[in-house]
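Engineer: here is the input, now give the coordinates:
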Amino acid sequence: MTSDSNDFLFNDQDDEQLLEETVSDFWDVLIVDDDPEIHSVTKLALSGVEFWDKGLRFHHAYSGAEALELLKKDHSISVILLDVVMESDDAGLQVVKQVRECLKNHNIRIILRTGQPGYAPEEKVIREYDINDYKTKTELTRSKLITSLVTAIRSYEQVCQLEFQSRALNNILLASKAILGFTYIKAFTMAVLKQLSFILDCEPHGLLCGSIEDDDRVFVLGGGAEYNDVIGQRIEQLDNGRIILQVKNCLAQGEHQHTELDSTYLLKSKNRQAAIYLETNQTPSPSQLQFAEIFLTNVSVGLDNVRLFNRLCDAAYKDILTGLPNRNDFINKVERFYQPGKTDYVFLLIDVAHFSDINNGLGQEIGNLLLNAIVERLQQEYPKAELLSRIGADVFGLILPKQRYDLEQLREHLSLPFTAGEHILPINFKIGLCLQGDFQKAGIETLKLAYIALNQAKKNSSEMVVTYTPEMEEQMAWRLGIIRQLRQDFEQRKLEVWFQPQLDLNTLEIIGCEALLRWPSGNGQYISPAIFVPLAEDAGLIVEIGQWVLEQACLQQKRLEQLGFNISVAVNVSVPQFKVKGYAQQVKDTLIKYEVKPQFIELEVTESVVMDELSNVITTLEELKGFGIEIAIDDFGTGFSSLSYLQKLPLDRLKIDRAFIKDLPGKGCEAIAALIISLGARLGLKTIAEGVETQAQADYLLELGCDEVQGFMYAKPMPENELITYLQAKH
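Structural biologist: Predicted structure coming up:
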């Protein structure tokens, strides 16, 4: 409900006229009779009479029609002394009917008089038309006339007061509903002042003061236009000592303050007090105070609601730790920067690199201090930023005028170490940048584009800032499409496991095979693992797929064993799989479930797996090794791990990457291959070369002392049925 709908407490014209009646200095009496002498006699009989210090003022009409015309124009009449028989035998009764039914005047009191008793109205007529009294003119002595008039005036006063209070209370109710619809303190205050000024019959010049936090400090929460400059400031900042004194007295004494110049009303809410100051230029009347008290009860409730709404807004749109606008608020506010064709602003999405390591290593408290230090640095270096928000746990959004963005300055600002408690921390950042020309109408879409650029920056170790381009979004859409299709095909069991034989290089005896994941594209082709495996890892899907491949390998090994082939099956393990809690136990449970002997399952781990969390990896590998499972390092030599780690790892085999095999012999690759084979021999590990395609490569590897090989020269990866046919042909 808006303030426009119910801004007026007394917005009915009749109410204003009724209020004027009650403060008149006279009781207005209308004499309606076609006999002028009756007018004179009545005035004479009632001359000098006063009721409650108010005299009588007479109005005259000499026919029913004239009386109705007068009543239409004059709303001050309290009592009608009405003759029944005038221009017609029932002229008086017609006047009564018109007054009640057409003029809708139910307050005015009516005393019927007649000089012809035979024309007296029936009791039914008196009841239906609310007639106070009926007398014959002969029996209306002065005393009886005064008695009847006093009774009528008293009745009129009571009816007016009841109607006035009823309408006033109804309008207060409407006004209260109106102010309860406000959610912001400034608009709420303006509505309250407007409503209260109508009750007190004054101008809405004033303000609302109260505490913001749970302390004794008093702030200007809202007010009229003349106080716009001080809203949100301490009350002491007001250039008006009278207001300061009245508000402080009101809050200190816990009661309303009234003078001839102003009124200050105490608002008692659940958690704290507030006060409304209003310039009145007169002391409020008892009835005004009564109505104001009723209204103020609802104002207190409304103020609590506004405070609750603001707390909810803080929870929904404000970051508690840093005090910055949060992601929701940013998404709403960034939309105003969507201006097609404009290139005036840049949006920086700033990510704190390896923040989780700081939280885990130094504790969350230090992590929180670091975040606040980063915010302080950004606010200090970019005080004229259009928007600074905390988008995520360790991600900040910054919108700058384009002319204030300088990459080198940004590097310099963020390269200096940050102080967090007792720690001096050098921090690296990754930043996704989005130009205003690429902003979208929906804030969430603009944020998405910046995240696309940020993800590119994270993948590119050499770049701190990556700027969004439409091609990135196309690539992202392609990636998401691939992942979505991969997930769907995996759930529908469309993925396949193929097997590539592994041979003893000296005897060319088949000693095992490697389980390789294949994804058919549906048109007779297959999507390369080099494309979809990294995507599956990013999407977290590789954990489920990896477990499925292990199960397929166990099933295949069991079938081979049943056919008389006692060869091992090697399964690749990714970094996300190793991070699954209880991974080693999961592998053991799988082998037990399919009744596979541990020595016939080999796990191939890359150097990236080993280097991720070395101590945890060693513990997991030792548990698997202790169970009897063989462990191989895949793609050895392509990583950057320290060779000293090799002696700590419970390994069985080093697998030489095809990159060091494809150019053998010659082209400088002999040294690396020879080094790996020699290293394996010294550590008591077997070496297996993958990607062997020529006899020359095989001869050279044999000369170097390599133990095992696999490659197209011997056999390509093949489905299960082809593998069985291949094995049967070799035996």
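
Engineer: and the biggest strand by length in the chain, what does it pack onto?
Structural biologist: Among the segments of the chain that qualify as a strand by DSSP state E, the longest is strand 510-520. Contact analysis of strand 510-520 by 3 or more CB pairs under 8 Å, 6 or more residues apart in numbering; DSSP states H and E lists strand 496-504, strand 526-527, helix 529-539, helix 542-562, strand 568-573, helix 720-730 as its packing neighbours. C-beta: built from backbone N, CA, C; applies to glycine.

Engineer: run me through the strand neighbours of that strand, direction for each.
Structural biologist: strand 496-504 (antiparallel), strand 526-527 (antiparallel), strand 568-573 (parallel) (DSSP bridges).

Engineer: which one of those has the lowest average pLDDT?
Structural biologist: When the strands paired with strand 510-520 are compared by mean pLDDT, strand 526-527 comes last with a mean of 90.

Engineer: hmm, who's touching that one?
Structural biologist: 482, 518-521 (CB atoms under 8 Å, 6 or more residues apart in numbering).

Engineer: narrow the residues you listed to just the buried residues.
Structural biologist: 482, 519 (16 or more other CB atoms under 10 Å).

Engineer: and of the contacts of strand 526-527, the nearest to Ile567?
Structural biologist: Arg518 (20.1 Å; CB to CB).

Engineer: so which two of the contacts of strand 526-527 are the farthest from each other?
Structural biologist: Most distant of the contacts of strand 526-527, by CB to CB, are Ile482 and Arg518, 15.1 Å apart.

Engineer: OK, contacts around the most centrally placed residue in the chain?
Structural biologist: Here the mean C-alpha position of the chain is nearest to the C-alpha of Ala316 (CA atoms, centre = their mean), at a distance of 4.1 Å. Counting by CB under 8 Å, 6+ apart, Ala316 touches 326, 328.

Engineer: how near is it to Tyr227?
Structural biologist: When distance is defined by CB to CB, to the nearest Å, Ala316 is 29 Å away from Tyr227.

Engineer: and if you look at Leu414?
Structural biologist: For Leu414 relative to Tyr227 (CB to CB), the value is 42 Å.

Engineer: same check, this time on Lys581
Structural biologist: 61 Å.

Engineer: between those two, which has more neighbouring residues?
Structural biologist: Tyr227 (20 against 6; other CB atoms under 10 Å).

Engineer: give me the number of residues near the spatially closest residue to that one that is not a sequence neighbour?
Structural biologist: Once flanking residues are discounted, Tyr227 sits nearest to Leu207: 4.9 Å by CB to CB, 6 or more residues apart in numbering. By other CB under 10 Å, the residues close to Leu207 number 24.

Engineer: part of a strand, is Leu207?
Structural biologist: Yes: counting by DSSP: H, G, I helix; E, B strand; the rest coil, Leu207 is part of a strand.

Engineer: bridging across strands, which residues link to it?
Structural biologist: Applying DSSP bridges, one finds that Leu207 bridges with Gly223, Tyr277.

Engineer: what does Leu516 give?
Structural biologist: Going by DSSP bridges, Leu516 forms beta bridges with Trp498.

Engineer: which residues touch it?
Structural biologist: Counting by CB under 8 Å, 6+ apart, the residues that Leu516 touches are 497-500, 529, 572, 717.

Engineer: picking up where we left off before, tell me which of the strands paired with strand 510-520 sits nearest to His75.
Structural biologist: Short answer: strand 526-527, nearest of the strands paired with strand 510-520 by CB to CB, at 89.9 Å.

Engineer: neighbours around Ala420, how many?
Structural biologist: 21.

Engineer: which of the contacts of Leu516 has the largest number of neighbours?
Structural biologist: Phe499 (28 neighbours).

Engineer: ok, that one touching Val569?
Structural biologist: Yes: between Phe499 and Val569 there is a contact under CB atoms under 8 Å: 7.3 Å.

Engineer: shared neighbours, those two?
Structural biologist: Common neighbours of Phe499 and Val569 (CB under 8 Å, 6+ apart) are 513-515, 556.

Engineer: and of these, the nearest to Arg682?
Structural biologist: Closest to Arg682, out of all of those and judged by CB to CB, is Glu514, at 25.2 Å.

Engineer: since we're on that closest one, how many residues are nearby?
Structural biologist: 24.

Engineer: so what's the closest residue to it other than its chain neighbours bridging to?
Structural biologist: Distances taken as CB to CB, 6+ apart put Ala570 closest to Glu514, at 4.4 Å, once the chain neighbours are dropped. Note on Ala570: beta-bridge partners Glu514, Glu602, judged by DSSP bridges.

Engineer: take the shared contacts of Phe499 and Val569 and write them to JSON lines, including pLDDT and distance to Gln647.
Structural biologist: Shown next, in JSON lines, are those (pLDDT from 0 to 100; distance: CB to CB, whole Å):
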{"residue": "Cys513", "pLDDT": "95", "distance to Gln647": "29"}
{"residue": "Glu514", "pLDDT": "95", "distance to Gln647": "26"}
{"residue": "Ala515", "pLDDT": "95", "distance to Gln647": "28"}
{"residue": "Gln556", "pLDDT": "94", "distance to Gln647": "33"}
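
Engineer: now the residues you listed: which count as buried?
Structural biologist: Looks like these have 513-515, 556 buried, using 16+ other CB under 10 Å.

Engineer: determine which two of those residues are furthest apart.
Structural biologist: Most distant of those, by CB to CB, are Glu514 and Gln556, 11.4 Å apart.

Engineer: now list whatever residues contact both of the two.
Structural biologist: 499, 569.

Engineer: from what I see, Trp498 and Ala715 are in contact.
Structural biologist: No: at 10.9 Å, Trp498 does not count as touching Ala715 under the criterion of CB under 8 Å.
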